[in-house]
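> Have a look; sequence and predicted model below, questions after that.
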Amino acid sequence: MAATVDSMQCFPGLCGVLSGSATGLEIDEIEEDVAAEQETIIEPGAGLKTANTGVTDGTDAEYKRLMNSCVSFAIRIRLLGPDEEFFSKRPRADAPLVIVAWIMNACDSINLDGTTKLCSQERGTYGHAQKMRASMTYGFGKLKGLGNMPWHESDVGATMVGNPSISVEVSSFMCSLRRRKVQAGEVANSARAITSEILLKLYHHNRLPENWTVQPYQPGERKPAGGSRTSDSLDNWGGGRVRRLLHAAYTVAFLCMLRFDEVLKIQVHDLRVANNQVVLYLPFRKTHQNGGLCSICI
């Protein structure tokens, strides 16, 4: 195997973004990120069009292009030997650092040597950084069969096992990168982000009589495969009951700061009405340090 450089010693910028103790809130954020990244790996048997990979052919091709880009980058800066395999069933111990270095070089305001990039220097958005990270999770998790097991030290021997993209190192960097992007004025909204203004617009739109009134059931017409969607079909996606249910879910997610996979786990018995208040009991909150129930008054 070709000799490579020590990434932490030769790249002080990389060491800088990964060093330092995290606060309690930052630890919760990192744990949330690790858990969310685990959920991006869809297990077989989910009824997907491409059950073997869980993604479309176009996404598969784009992820593989990014994987090749990562390998070329690692070889160029001597983090990887020319004949060395990076994506494997037994990843090297410093695989998370290689991933961080690759994303950092493309998207961060800090260079690998610790200097600040010039304003004129092109850098990727936070959204692109997420896409780069997703390609790593996919490459190790799906293509190499490592699944969504977080990166950790094996109980047998001092070896690292799991998916290196689902690691504390990568999640810590992604969280810190997001903070730097926000401080720099870049809007780093995810596809699931929502604001109170959007909720208000949804409320008024759903309260329109044609949307809010519960109509008798009428079988709809299915469009042929490959048929185009018109503006009328986009408006006829749900009746009064569906709109009530979804708006309640969006509101609960917003007020309680829940991920949507957590909202979907809420059952009727988790909601209780007392003293003109609705109390939501969450037995599954991942970051609740002491376990047990977490109650929220809505």
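Structure received.
> Could you check how far Thr116 is from Arg272?
52 Å (Cβ to Cβ, to the nearest Å). Bear in mind the C-beta positions are built from the backbone N, C-alpha and C, glycine included.
> Ok, Leu202 next?
From Leu202 over to Arg272 the distance is 26 Å, taken as Cβ to Cβ.
> So the two - more neighbours on which side?
Between Leu202 and Arg272, counted using other Cβ atoms under 10 Å, Leu202 has the larger neighbour count: 16 against 12.
> Tell me the secondary structure at Val278.
strand (DSSP: H, G, I helix; E, B strand; the rest coil).
> Hmm, Leu271 and it touching each other?
Yes - with contact defined as Cβ atoms under 8 Å, Val278 counts as touching Leu271 (6.1 Å).
> Thr251 - nearest residue in space that isn't next to it in sequence?
Leu199 (6.4 Å; Cβ to Cβ, 6 or more residues apart in numbering).
> got a list of what the one you found touches?
250-251, 254 (Cβ atoms under 8 Å, 6 or more residues apart in numbering).
> now swap in Pro96 and tell me
Going by Cβ under 8 Å, 6+ apart, Pro96 touches 151, 164-165, 167, 169-170.
> Farthest pair within those?
Ser165 and Glu169 (9.8 Å; Cβ to Cβ).
> ok, those two, which is more surrounded?
Ser165 (29 against 19).
> is it fair to say that one lies in a helix?
No - assigned with three-state DSSP, Ser165 falls outside any helix and is coil.
> Hmm, it is touching Thr137, no?
Yes - at 4.1 Å, Ser165 and Thr137 qualify as touching, with contact defined as Cβ under 8 Å.
> on that earlier part again, kindly reformat the contacts of Leu199 as CSV containing pLDDT and secondary structure.
Below are the contacts of Leu199 laid out as CSV (pLDDT from 0 to 100; DSSP: H, G, I helix; E, B strand; the rest coil):
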residue, pLDDT, secondary structure
Tyr250, 88, helix
Thr251, 88, helix
Phe254, 85, helix
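> Which among those residues count as buried?
Neighbour-count burial (16 or more other Cβ atoms under 10 Å) applied to those gives 250-251.
> Tell me where the model's unsure across the stretch 101-250 of the chain.
For the stretch 101-250 of the chain, residues meeting the criterion pLDDT under 70 lie at 187-193, 219-236.
> what's the closest non-adjacent residue to Pro150?
With sequence-adjacent residues excluded and distances taken as Cβ to Cβ, 6+ apart, Pro150 is closest to Ile166, at 4.8 Å.
> Tell me who's in contact with that neighbour.
34, 37-38, 137, 141, 148-151.
> now it: how far from Cys107?
In terms of Cβ to Cβ, Ile166 sits 19 Å off from Cys107.
> do Leu202 as well
Here Leu202 is placed at a distance of 32 Å from Cys107 (Cβ to Cβ).
> now swap in Cys256 and tell me
For Cys256 relative to Cys107 (Cβ to Cβ), the value is 31 Å.
> and the two? which has more neighbours close in?
Cys107 (22 against 17).
> Verify the contact between that one and Glu122 for me.
No - counting by Cβ under 8 Å, Cys107 does not reach Glu122; the two are 10.1 Å apart.
> Which parts of the stretch 1-150 of the chain are strands?
Using DSSP state E, counting those that start in this stretch, no strands are found in the stretch 1-150 of the chain.
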